[in-house]
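Participant: Fold the following, please.
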Amino acid sequence: MVPLAAPHWVHEVKPDFPALWDLCDRCETTGFYIFAPENNRPDNVVFHARQFPNRSGYNEDPATGVAASALGAYLVRHQLIPVAEGWNPCTVYQGEAMGRPSLIRAETQVTGGKITKTRICGTACYEK
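Facilitator: Okay, the predicted model is just below:
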């Protein structure tokens, strides 16, 4: 998870992929997921994201459900979205920078003050 301040920074990132893959190897991670909140929203539950999976045969993924699910849990854990008992939703736009926009709804369940489940749904590569 790599938080950025605003969606335009997410869309403007131009990775040096060989250097990024080397960094992934050194950090023992499967890739990098960058995201930023859509700041003009008072509820702060809409995010823009990009996923760069390490040495997967392609440089960027237009829709990554497991990463969006992890983002939802991250946002809840760090209280970066409003958190309550039950399901805590957020919306993730991904794939826009590569011309393949996707919409993912990630939900994180909180029970007894702890994260207990995550789930996602959405549309991969929809037409605007």
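Participant: From A97, how far off is the residue lying closest to V83 once chain neighbours are set aside?
Facilitator: Excluding the flanking residues, the one nearest V83 by C-beta to C-beta, 6 or more residues apart in numbering is V76, at 5.3 Å. From N, CA and C alone the C-beta is placed, and that goes for glycine too. From V76 over to A97 the distance is 26 Å, taken as C-beta to C-beta, to the nearest Å.
Participant: Settle it for me: which of the two has more neighbours?
Facilitator: Taking other C-beta atoms under 10 Å, V76 and A97 do not tie; V76 has more neighbours (23 against 18).
Participant: pretty sure that one belongs to a strand, no?
Facilitator: No - counting by DSSP: H, G, I helix; E, B strand; the rest coil, V76 falls outside a strand, being helix.
Participant: Run through who's touching stretch 18-26.
Facilitator: Contacting residues not belonging to stretch 18-26 are listed as T30, G31, F32, F52, N54, R55 [C-beta atoms under 8 Å, 6 or more residues apart in numbering].
Participant: Also stretch 75-83?
Facilitator: Residues contacting stretch 75-83 (C-beta under 8 Å, 6+ apart): P37, D43, N44, V45, F47, Y74, N88, C90, T108, V110, I115.
Participant: now the end-to-end length of it.
Facilitator: 9 Å (C-alpha to C-alpha, to the nearest Å).
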